[in-house]
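In: kindly return the folded structure for what I paste below:
(one chain, ligands or ions: 2)
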Amino acid sequence: MPNTLPASIVIPVYNEEMNLPRLFDEIAQAMRPLSRAWEVVFVDDGSSDHSLEVLMRLAKDNAEVRYLAFTRNRGQSAAFCAGFDNATHPVVVTLDADLQNDPADIPAMLALFDQGFDMAIGWRKKRQDTWSKRIGSKIGNAIRNSLTRESVRDTGCSLKVMRRDMLLRIPRFKGMHRYLPTLMKLQGARVAEAPVNHRERFTGVSKYSNWQRALVGIRDLFGVRWLQDRHFSYEIREKNR
Ligand code: UDP
Ligand code: MG
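Out: Numbers count the residues shown, from 1 in each chain. Ligands and ions are numbered 1, 2, ... in the order given. Predicted coordinates for the structure are as follows:
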């Protein structure tokens, strides 16, 4: 793909009202100097706070802001997928809404992607999370990598850059956002990793506990391993039209 393709920044939002204006400001600061068209697609995952009103206000003041809102909470994977479906640009950047990912890292991640990769994954070198979350994530990554025969440093980092046409072909299920590198590799994606900044949640609370994540995570892990083992690809030798 030629470089500097336009990018859609997809952000799942579940009760993040106080984070959104600052998040958009930081994204705009990072993106405006680039010679690349961009938009932000906020996906309100059935928030019960004023997130949607804040998004409406942001959209009124900024042409780059698009939003859609679910009728009720459907989970982070569903929110990401709705963003992929509704994005208008060929490159998708994903980010969390709580400012833990640093929008200032987006230009470097796009530059890495532009070197000829189909996916660039952030790796949170210095996690700003609780001790238990850091341990949980270490164990999670190790188990995930061993069962899926991968060596991804940090699949849980939401800061990623991906080709939208590939994202539209991967299997969809609750929790799939934790397996995006594996699912993209099954589509033939060339994947690169780079260290990114990580910060404390700006306001609001985390939506997950280690227990929740571990319990569904184990079930998903076997599902993903099954998908890998049963995956097929094909090459067409001839075709008339
Ligand atoms: N999120 C969502 N739907 C959910 C749970 C979370 O859209 O059901 C969003 C949330 O608003 C945030 C991102 O997913 O933008 C990651 O959530 P969180 O920061 O709570 O996860 P953590 O960083 O604690 O793992
Ligand atoms: Mg977070």
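
In: can you confirm residue 109 is in a helix?
Out: Yes - counting by DSSP: H, G, I helix; E, B strand; the rest coil, residue 109 is found in a helix.

In: so what pLDDT did it get?
Out: Looking at residue 109, its pLDDT is 98.

In: which residues touch the residue positioned nearest the centre of the chain?
Out: In the chain, the centroid-proximal residue (CA atoms, centre = their mean) is residue 94; its distance is 3.5 Å. Going by CB atoms under 8 Å, 6 or more residues apart in numbering, residue 94 touches 9-11, 80, 83, 158-160, 162. Any C-beta I mention is one placed from the backbone N, CA and C, and that applies to glycine too.

In: try it again with 10 Å
Out: With contact set as CB atoms under 10 Å, 6 or more residues apart in numbering, residue 94 has these partners: 8-12, 80, 83-84, 101, 122, 157-162, 167, 177, 180.

In: also residue 179?
Out: 77, 144, 148, 150, 152, 155, 170-171, 173, 185-186, 217, 220-221, 223-224, 227-228.

In: cool, residue 72 as well?
Out: 45-48.

In: before we move on, what about residue 163?
Out: 1, 5, 90-92, 113, 117-119, 169, 184, 187, 189-190.

In: those in helices, which ones?
Out: Those of the contacts of residue 163 mapping onto helices are 113, 184, per DSSP state H.

In: between the contacts of residue 163, which is closest to residue 65?
Out: residue 92 (16.1 Å; CB to CB).

In: confirm for me that the closest one is in contact with residue 158.
Out: No - Residue 92 sits out of contact with residue 158 when judged by CB atoms under 10 Å, with a separation of 11.9 Å.

In: any shared contact partners between those two?
Out: Common contact partners of residue 92 and residue 158 (CB under 10 Å, 6+ apart): 10, 80.

In: which bits of the chain sit near ligand 1?
Out: 12-14, 16, 45, 73, 75-76, 79, 96-98, 100, 206-208 (CB under 6 Å from any ligand atom).

In: and the contacts of stretch 30-37?
Out: 3-9, 38-40, 64, 88-89, 91, 93, 102-108, 110-111, 114.
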